[in-house]
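[1] next comes the sequence, and after it the predicted model I'd like to discuss.
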Amino acid sequence: MATGALISFTLNTLCAVVALLTSYYAYRVNRLVANQVVGAISLGFMLLGIGLAVDAGTALVSGQTLVESLHPRVIVLLSAATYLTVQMVAYLVIAIGYARAAYGGQAKTAVPAVLVGAGAVGLYRFSLLSYFVVLILLAFVVFQGLLLHSGQKNRFSSAVLLAFGLILVAHVVLLASVITLGPLLFLIGTGIQFLGFLSLLIFVVRSEVVGPR
């Protein structure tokens, strides 16, 4: 396995484990506080963990990172498309959770339109535009997080905002890596994403122990 693919496999495996742990602890926190955002994070990070496990497996089997495998084998491309699709759905779930927390039932009317838009995007240069869609969804999540944080300043909302801010930065780098097909940028973006996932896990675990503050 090439060095880049090995690093990608390691980072994505760690991200998958952290995402699944985040999902589990967010589920436990949600049982205590019944919060729409926490519930969306639980479901979204479960999907992200599954998607990242698929991407890690692709790097292990193919010996290539995602941006290096955008040309060749059909199975690798299908695996990459699966990961990108799951990733879009995961961040869509989280964005809907934030929208429902901010706007209540009104957010439900936007769901079909977003799903149709995501499906249309998938038909045209799927790998590039899926990262673009995720970037928009993350920007929305961070924006709504800022609004919610300004309305209820507490340690939990600050921690979640910081984590999603890091994930947003990571996806700016990941989008640039897809545009330029740059493996180094892809690895840097994956590393920043891991830090975002890890920071969210730490605060979710802490909240499960001492409660959101």
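    That came through fine.

[2] how about the helices in the chain?
    Counting by DSSP state H, the chain has helices at residues 3-33, 36-62, 74-103, 111-122, 126-151, 155-180, 183-210.

[3] need the least confident one among those helices, by mean pLDDT.
    For those, mean pLDDT drops lowest on helix 111-122, to a mean of 45.

[4] could the helices of the chain go into CSV alongside mean neighbour count?
    Where C-beta positions appear, they are placed from N, C-alpha and C, glycine not excepted. Listed next are the helices of the chain as CSV, based on neighbours: other C-beta atoms under 10 Å:
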stretch, mean neighbour count
helix 3-33, 20
helix 36-62, 23
helix 74-103, 20
helix 111-122, 13
helix 126-151, 18
helix 155-180, 19
helix 183-210, 20
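
[5] so what's the spatially closest residue to Phe194 that is not a sequence neighbour up against?
    Closest residue to Phe194 apart from its sequence neighbours, by C-beta to C-beta, 6 or more residues apart in numbering: Cys15 at 5.1 Å. Residues in contact with Cys15 (C-beta atoms under 8 Å, 6 or more residues apart in numbering) are 48, 52, 190, 193-194, 197.

[6] let's go with 10 Å and repeat that
    Contacts for Cys15 (C-beta atoms under 10 Å, 6 or more residues apart in numbering) come out as 48-49, 51-53, 55-56, 170, 190-191, 193-198.

[7] and which of these is nearest to Arg31?
    Nearest to Arg31 out of the contacts of Cys15 is Gly49 (C-beta to C-beta; 19.1 Å).

[8] hang on, that closest one packs against Phe197?
    Yes: if you go by C-beta atoms under 10 Å, Gly49 and Phe197 touch, sitting 9.3 Å apart.

[9] give me the common contacts of these two.
    With C-beta under 10 Å, 6+ apart, Gly49 and Phe197 have common neighbours 15-19, 21-22.

[10] which of those sits closest to Ile41?
    Thr22 (7.1 Å).

[11] is it true that that closest one touches Phe194?
    No: using C-beta under 10 Å, Thr22 is not in contact with Phe194, being 11.8 Å away.

[12] which ones are touching Leu52?
    Residues near Leu52 by C-beta under 10 Å, 6+ apart: 11-20, 45, 83, 86-87, 90, 190, 193-194, 197.

[13] with adjacent residues omitted, what lies nearest to it?
    Nearest residue to Leu52 in three dimensions, chain neighbours excluded: Ala16, at 3.8 Å (C-beta to C-beta, 6+ apart).

[14] same check on Ile192?
    Going by C-beta to C-beta, 6+ apart, Ile192 has Ala170 as its nearest residue, at 3.9 Å.

[15] distance of the one you found from Gly4?
    Distance of Ala170 to Gly4, computed by C-beta to C-beta, to the nearest Å: 17 Å.
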